[in-house]
Structure formats: C-alpha cells, structure tokens
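Participant: Below are the sequence and a predicted model; questions follow.
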Amino acid sequence: MKGGWWIVFRKEFKELVSDRKMWVGSILLPLLLMPCLMLLVAKLQAGAAEDAQKNITVALVGHNARVEQTLAATPNVQIQPEQDPMGALKNGDVRAVVTIGEQFDQQLQAQKPATISIAYDPSNQKSDVAHGVVQGALQALGQEMAAERLTKLNVSLDAVKPLDVKSVDASDENQKAGSALGFIVPLLLVLSCVTGAMPIATDTMAGEKERGTLEALLTAPVPARQVLTGKLLTVSAMSFISALVSTLAMVGTMKYMPNITGDSDLKFSLSFLSAGDVGLILGALFFLCIMFGGLMLGISSLAKTYKEAQTYLAPFVIVAMVPVYATMMLSAKEIPVQYFWLPVLNVTALMKEVLYGVTDGTHVLMVFASSVVFAVIAVLITSKLFRRESLIVKG
Amino acid sequence: MILLDRVTKTFKNVPAVEGLSFEVGRGEVVGLLGENGAGKTTTLRMISTILQPSEGRIVVDDLDTAQRAEDVRRRIGILFGGETGLYEKLTARENIAYFGKLYGLDDRTIRTRTEELAKRFDMTEFLDRKVGGFSKGMRQKVAIARSVVHDPAVVLLDEPTSGLDITAANMFRRLVQEFQAEGKTILFSSHIMSEVERLCDRAVILHRGKLVFNGTLESLFAAHDSRDLDAIFMNLIGTGGSR
Ligand SMILES: Nc1ncnc2c1ncn2[C@@H]1O[C@H](COP(=O)(O)OP(=O)(O)OP(=O)(O)O)[C@@H](O)[C@H]1O
Ligand SMILES: [Mg+2]
C-alpha cells in the first residue's frame, strides 16, 4: 500500500486544482501584485531622487555679482527672489538660502575670508541635496578666486595644494537598487507565503471538520499522523508555490524594470542577483512555508468551523509583516546578528542581505539552521494538537 | 463480532456513555436506540476507534480497539447520517476511490467495486459528476458506497435514514437486508422504532449513556405485554424523558 500521506496529499491537490478561487488567491494575485507594487515603489523612489536634483530653488540675501553669476550658472539652480527667505525655506518654497555677509566685498578686498552662509533643512531630502549642490558651486568659486590671487603672486596653484584627497562613491548602482527594493520585496515574499497557505489551511482542517469529512477520513485505516503529513504537505506546497510565483515575478520585474523607469539615477535591474541568490531566497522561504503551514494547520484544527479558523488565522498577516518592518529601516550591513536566528525575522534579514549583495556565509547558515528548527517545532506542536480527539471530533 | 465490556466515555468529566456492555454476534443486525444525546454516536465512534473509551474495553472480531485500531478500522465500514461528509469538489467516483485507496485497495479493485456498487445503488448516471450539486438521497448513496467500498465485515450506521424521503429510506432498508444476507455484522442507531422493528434481530436501548434494555424485540414485547414500541420505549426511559 502506498503511504497514506501520499494518498491524502494527492486528493488534496486534486481538489485544489479544481478550485479556481484558490488559484486566483495564491498564484494570480501575487503574480500581478508583485510587479505592480515593485514598480510603484521604484517609480516613487526614482521620482523623488530625480526631483531632488532638479529645480533647485535658492533664495539669495545680500549682493555680490560674482556669487550671483556662479549660482545662476550652476545647472538646475534657480535664484528665486523672496521677501521672507527663511520663511520660504521653512515652507519648502525654496530649498536653500544663501546669505552674503554685509562685509563680504570689503573682506574680499582685504583678502580676509569673506562670510557667506547656506541655510538648509537637513530633515528635508530635497533641501539636503540643494545644500550639497550650492556648497559645491561656492567652493568651486572660492578655489577660482584663490587661483586668481596666486596667479597674481606668481605662485602655482599646486604649490598650495599638498594633498589631493578624492572621495569615491563605493556603493554601486546594484546596491542602491537592492536597498530600495530591500523593503518591499521581503514584505511581498513573506506575505505571499502566508496568503498562499491561509485558504487551504483553513479549508483542509476546520473546513473538513465542519463538513464532517475529517471524521470519515479518520475512520480509514491510515494513522492520523499520515493524514496530518499529507495535509501539511499540501498547505506548505501551496504556500511555497505562491512564494515561488512571487519570486519569479520579482526576478522578471527586475529584468524589465530599467526600460520602464527610464534613465534615472537609480537603476532597478539587479544584474548581480544570480541563480544562487534566488536559490538562497527560495531555500529560506521553503522552511518558512513549512513553519507557516504547520502552525496554520494546528491553529485551524483548534477551530470548529471555517469561519472560526479564518478569524484565528487572520493575525498571521501581521506576524509576517512585523519582522519586515523591524528590518525595514536598517541597512543590510547593520542588521543585528540575533536577527538571523529569530523566526521570520531571519528570513527577511537574509533576503535583505541578498538583495543588497552582501550575503554572509555565517548568516546564511544561521538562517537555515534556525529555520529548520522552527519548522520542526511548528510541525511537532501541530501533531500534538492533532492527536487530541476532542479537536478532531466535533461535539 | 462486536463486544463492549463496561465501556465508559466522559467528556470533561461529563459521562456520555456509562458502563455500557453488549455484544453483536457475527451476521447479526442490532439496533441501537435512544433519544437525542443518549450516547449512540459516541458509542459508534468508540467502536470505530475515532474515540478512545475512558474506561472499559471494546473488541471487534477478536481485535482490541485500543491496541489494534488500524486493523479494526480495516474491518469496519461506518456511515454517518444527516451530514454525509463527502468532498463537494470531487465526483462521486473520486470520493469512493479516495476511500478505496485509503483502505489499501488497488486501482483495478476500486474500479470494479465502484461499478458494482453504482449499479447496485442505481447511481451510474451521476457517478462522474461533482457531489456539490447532489440531492440528499444521491449523497447518501455515494456515502454508503464509500463506506462499504472495502467490503467490510462490520457495518456501523449512525441514523442512516435521517433526512431521507420514503423511497430513499426504503432503498436503504433493503440494503441493510442485503448486507445481512451477505453475512455482515450490522449495528445501526436510530430513534425510529418501526425501522428497528422491521430490520433488527435485537435492540440495545440507551438512556442518558446507560443501557436500559438489551434483547430480542420479542422478549421486549413479552415483558411489556404490548407490541407498541413507542409506548414501551417511553415506559423504559420513564415519561420524564425529554422526548
Ligand atoms: N466531542 C464531544 N465533546 C463533548 N461532549 C460530547 C462530545 N460528543 C458528545 N458529547 C456529549 O455526549 C452526549 C452523548 O452524545 P451523542 O452524540 O453520543 O448522542 P446521540 O445519542 O448520538 O444523540 P443524537 O440522537 O442527538 O445524535 C451528549 O450529551 C453530548 O453533548
Ligand atoms: Mg448521534
């Protein structure tokens, strides 16, 4: 005789295949939602970054022809006359206020440092960018003036520049893209595990109990453990199929994203996302699916009706989202090490690393080891619950 | 053969069945009578090993249900009345085949057995339709076919005619007689006295989980000097009963 679990699993899947609702919820929805949400996030981020580089409005207080010329000649900078420059900065009407000191011309004449200040709002990304641009322009002007004075004194500019310090932006485009998607992708992938498992977990346990089929099933000469295994496999498989579809949708979206977002500074093609990286994500999700499947089945078996099970299982969506929010604000490099062995959190932390391109072997091991342990614990709890006869037989 | 030896089942300290002992011999048809909540379903569930007795012992064909649950299940076919517990999204044939597989039958046996049962219960025309759209009578036919697909020696029926119209109920009674002719051991619960009178060799009457009568209907009639089963039943359980 074939294993009872296999018979149960095959029948469950046959039922699933003929259930359109289930496929829409577990396959079609993530397939559509994933690219849409990713594109939305990408567009918003790229749009914000692009916007910050454009239309840099600056208010000018005081007068100096050369400063005015320099600023006016800086690309994307527009000098905007304002009655109340500081108020305008606060309201976001201008992004920076350049104040030329009252003694500016005299100080220049006397070859003393001439005071010029840039007021900006560091909490405002656009203002922050404007500060950088204006500062750069004024520093360039300062160097130009210095060069003129040195030329008059017949000294070469290099003689007063003993060091040539260069800063190089080491984060590549991939990392920028990875961190931009490092939030939305784990959220969607973990959610797809939950939404893929939820309807079938509800139906196969509480639903079968309500309809009386579970009782009939348990009169068959198949150990309850085998029945549970068959059902667990079905739920976990559905959860994983949903996660797989979402992952493929994610990879597909990333592949075609550059064409859609145009030539903004942020590229969303994760060219470095190799097959191995995708395998890592799927591997971590696999155990997450078994854990969710086990827990959901156990909770579903506590319910007497389909409706009741739905109520009990609803908080799982939150369970899936909290860890994602916990890692959301962290950059991949500053995730605390204990996150890599906490349930759900470990998988989201690993995904973040993978998406950022800084996967760490030790972390991978921690995540997989802890995920296996959590999956086993979830299955054990459920089999304990399932053995209690009062839970199986409705009153 | 079914034997119950001082069987008690309590749910959270409330006894559903108390000190119940009776026997159903091989090839015998016994009716399990009792009003709502008397403990009929609980008794049948314990015999079919879904529930464990809190106390006492149950033996089916020389196998103790506590130790040989799986072997006992293989010998038993059980049908629950009212709600037939079929998979709505599967066809009648798939429902029957699922249980055939669970009982360890091979595909060929399942196919021939299904055809045979379909002919017998007059369900060939809807065999490959999904159960979701079936009437109660059709469902009950599928359910009974499913529960005897493995040709069990012992058949337990829990209020099998509840909710069925006269035609369906009659078909059902004929079926019980056929099972009896095949030599199956049958225990079926009911609260319809006339049904029991027509089909059973013997009756076991429960009241609030306790046995109040166990014997042939003839001996019951003789003891009460009446042939009115309803009156005798009321007499047995005391008129204070909730019926
Ligand atoms: N799973 C359970 N948990 C708690 N109490 C139960 C459970 N199953 C049955 N009972 C209780 O045990 C008693 C016997 O119930 P049982 O279902 O065996 O009666 P019954 O004779 O089949 O009644 P009916 O004619 O209504 O089907 C009832 O009081 C019932 O409330
Ligand atoms: Mg009952």
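Facilitator: Now that the structure is in, tell me what you want to look at. Residues are numbered from 1 along each chain as shown, chains lettered A, B, ... in the order given. Ligands and ions are numbered 1, 2, ... in the order given.

Participant: residues near residue A:54, how many?
Facilitator: Residues near residue A:54, counting by other C-beta atoms under 10 Å in any protein chain shown, number 11. C-betas here are computed from N, CA, C, even on glycine.

Participant: Does it touch residue A:78 like I think?
Facilitator: No: Residue A:54 lies out of contact with residue A:78 (C-beta atoms under 8 Å); the separation is 10.0 Å.

Participant: Contacts for stretch A:306-315 next, please.
Facilitator: A:198, A:201-203, A:205-207, A:210, A:296, A:299-300, A:302-303 (C-beta atoms under 8 Å, 6 or more residues apart in numbering or on different chains).

Participant: For the closest residue to residue B:129 other than its chain neighbours, list each beta-bridge partner.
Facilitator: Leaving aside its sequence neighbours, residue B:129 sits nearest to residue B:91 (C-beta to C-beta, 6 or more residues apart in numbering or on different chains; 5.9 Å). In this structure, residue B:91 bridges to residue B:130 when assessed by DSSP bridges.

Participant: OK, contacts around residue B:91?
Facilitator: For residue B:91, the contact set (C-beta under 8 Å, 6+ apart) comprises B:127-131.

Participant: In JSON lines, list the residues you listed along with distance to residue A:33, pLDDT and neighbour count.
Facilitator: Formatted as JSON lines, the contacts of residue B:91 follow (distance: C-beta to C-beta, whole Å; pLDDT from 0 to 100; neighbours: other C-beta atoms under 10 Å in any protein chain shown):
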{"residue": "B:127", "distance to residue A:33": "41", "pLDDT": "95", "neighbour count": "19"}
{"residue": "B:128", "distance to residue A:33": "37", "pLDDT": "95", "neighbour count": "11"}
{"residue": "B:129", "distance to residue A:33": "36", "pLDDT": "96", "neighbour count": "14"}
{"residue": "B:130", "distance to residue A:33": "31", "pLDDT": "94", "neighbour count": "16"}
{"residue": "B:131", "distance to residue A:33": "34", "pLDDT": "94", "neighbour count": "20"}
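
Participant: can I get those residues in a markdown table with distance to residue A:128?
Facilitator: Formatted as a markdown table, the contacts of residue B:91 follow (distance: C-beta to C-beta, whole Å):
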| residue | distance to residue A:128 |
| --- | --- |
| B:127 | 73 |
| B:128 | 70 |
| B:129 | 68 |
| B:130 | 63 |
| B:131 | 66 |
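
Participant: closest to residue A:134 among these?
Facilitator: Nearest to residue A:134 among these: residue B:130, at 72.3 Å, using C-beta to C-beta.

Participant: how about that closest one, what does it touch?
Facilitator: Contacts for residue B:130 (C-beta under 8 Å, 6+ apart) come out as A:18, B:88-91.

Participant: at 7 Å instead, please
Facilitator: By C-beta atoms under 7 Å, 6 or more residues apart in numbering or on different chains, residue B:130 lies in contact with B:88-91.

Participant: repeat for residue B:12
Facilitator: So residue B:12 contacts nothing (C-beta under 7 Å, 6+ apart).

Participant: could you pull out the helices for the stretch 101-250 of chain A?
Facilitator: In the stretch 101-250 of chain A, the helices defined using DSSP state H, counting those that start in this stretch lie at A:104-109, A:125-152, A:173-181, A:184-201, A:208-211, A:213-218, A:224-261.

Participant: Most tightly packed of those?
Facilitator: Ranked by average neighbour count under the criterion mean count of other C-beta atoms under 10 Å in any protein chain shown, the helices of the stretch 101-250 of chain A are headed by helix A:184-201 at a mean of 26.

Participant: tell me what it is packed against?
Facilitator: helix A:29-53, helix A:224-261, helix A:275-302, helix A:316-328, helix A:345-356 (3 or more C-beta pairs under 7 Å, 6 or more residues apart in numbering or on different chains; DSSP states H and E).

Participant: hmm, which of the contacts of residue B:130 are the buried ones?
Facilitator: Burial by neighbour count, 16 or more other C-beta atoms under 10 Å in any protein chain shown: within those this picks out B:89-91.

Participant: Can you tell me the SS state at the residue of chain B found nearest chain A?
Facilitator: Scanning chain B for proximity to chain A using C-beta to the nearest C-beta identifies residue B:85 as nearest, at 3.4 Å. Judged by DSSP: H, G, I helix; E, B strand; the rest coil, the three-state class of residue B:85 is coil.

Participant: Give me the phi and psi angles of the residue minimising distance to the centre of chain B.
Facilitator: Against the mean C-alpha coordinate of chain B, by C-alpha atoms, centre = their mean, the closest residue is residue B:157 at 1.5 Å. Backbone geometry at residue B:157, expressed as degrees, to the nearest 10, gives phi -130, psi 120.

Participant: Next: residue A:331.
Facilitator: Here is the backbone geometry of residue A:331 (degrees, to the nearest 10): phi -80, psi 160.

Participant: what's the answer for residue A:83, then?
Facilitator: Dihedral pair for residue A:83: phi -70, psi -50, per degrees, to the nearest 10.

Participant: Distance check, residue A:353 against chain B.
Facilitator: As judged by C-beta to the nearest C-beta, to the nearest Å, residue A:353 and chain B stand 42 Å apart.
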